[in-house]
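*Asks:* Build me a model from this:
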Amino acid sequence: MPDHAQPPHVPSGADDAVRPGPPRRAVEAVLFDFHGTLAQVEEPHEWVLQAAAACGVTLERMRATALADRLLTAGRAGGPLPARVPPRLAELWADRDLYPYAHRGAYTGLAETVDAGIEGFAEALYERLLVPEGWVPYPGVEATLGALHKAGVKVAVVSNIGFDIRPLFAAWGLDGLVDAYALSYEVGRCKPDPGIFLRACGMLGADPERTLMVGDTPADAGAVNAGCAVLVLPCADPGRENGLGAVLDLALRD
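*Replies:* From the prediction side, this is the model:
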């Protein structure tokens, strides 16, 4: 329409106010990734020290630091991907998030490629994953989950993982704030497959179009293909703020 043109005539009696657009659909459920979103694995140096201690060995700081660097290069569960997967571990690695035996076998096998000279060390490193002390929940996790619970917003944890994380949430006193867990080794599908997100929505009885997925990787963003909205948070070290509070701004807005 030209700049000088008059707006169309509004019939007498019509509402002079600007008509609102269609209302936004309220969020009725939030899906959270686990590692990198709700919690982070312990600092590598501490990981190595504690695993060695479980084997009855006290490591000097310099040796622990050197071992941690080598183990991170080899591949740590919850840490960087391995620089190289030995052929003998290729099948276990491919299935690591679908079967508990494959998850354990892949990561203990990678740890064994680093000669630490400590009997049982690879298994002890893996066992740190299974205890709450081996993880650090991000600041604001309890407050965020608590606010969603109080508002009646359902919550599920959706994770590519090869072991049960429910005991961790129970130890942290957060289990009462999570309504369901969609874990890849139980569901049989891994993110970014839309199926795992749809399964989580089904567990909650939630419409995917009224569900928000919160994660920290492109795999988490795969939830858009299931019809969910997505919030991707920045990567943060253990114990550091990762912007989790933004979830409440999106999920609880009017």
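*Asks:* where along the stretch 51-200 of the chain do the helices fall?
*Replies:* Secondary structure of the stretch 51-200 of the chain (DSSP state H, counting those that start in this stretch): helices located at 61-74, 90-94, 100-112, 121-127, 141-150, 166-171, 184-187, 194-204.
*Asks:* Only the buried residues of the third one, if you could.
*Replies:* In this case it means helix 100-112. Ala102, His103, Arg104, Gly105, Ala106, Tyr107, Thr108, Gly109, Leu110, Ala111, Glu112 (16 or more other Cβ atoms under 10 Å). (Each C-beta comes from the backbone N, C-alpha and C, glycine too.)
*Asks:* Now do the fifth one, the pLDDT please.
*Replies:* The model reports Ala106 with a pLDDT of 98.
*Asks:* wait, it sits on Asp97?
*Replies:* No. Contact criterion Cβ atoms under 8 Å: Ala106 and Asp97 do not qualify, at 9.5 Å.
*Asks:* Can you pull the poorly scored residue ranges out of this protein?
*Replies:* By pLDDT under 70, the low-scoring segments of the chain are 1-25, 254.
*Asks:* Could you pull out the buried residues of stretch 137-157?
*Replies:* 137-138, 140-141, 144-145, 147-149, 153-157.
*Asks:* Near Glu123, how many other residues are there?
*Replies:* 15 (other Cβ atoms under 10 Å).
*Asks:* Check the gap between it and Ala51 for me.
*Replies:* 9 Å (Cβ to Cβ, to the nearest Å).
*Asks:* same question, Ala83
*Replies:* 21 Å.
*Asks:* Compare those two (neighbour count), which wins?
*Replies:* Ala51 (27 against 10).
*Asks:* Not counting residues beside it along the chain, what's closest to the more buried one?
*Replies:* Ala124 (4.0 Å; Cβ to Cβ, 6 or more residues apart in numbering).
*Asks:* ok, that neighbour touching Ala52?
*Replies:* Yes. Counting by Cβ under 8 Å, Ala52 is a contact partner of Ala124 at 7.3 Å.
*Asks:* Identify the residues contacting the closest residue in space to Pro218 that isn't next to it in sequence.
*Replies:* Leaving aside its chain neighbours, Pro218 sits nearest to Pro192 (7.1 Å; criterion: Cβ to Cβ, 6+ apart). Counting by Cβ atoms under 8 Å, 6 or more residues apart in numbering, Pro192 touches Pro218, Ala219, Asp220, Ala221, Gly222, Ala223, Asn225.
*Asks:* List the residues that contact the nearest residue to Tyr181 once chain neighbours are set aside.
*Replies:* Distances taken as Cβ to Cβ, 6+ apart place Val157 nearest to Tyr181, at 5.0 Å, with adjacent residues excluded. Residues counted as contacts of Val157 (Cβ under 8 Å, 6+ apart) are Leu31, Phe32, Asp33, Phe34, Leu38, Ile165, Phe169, Val178, Ala180, Tyr181, Ala182, Leu183.
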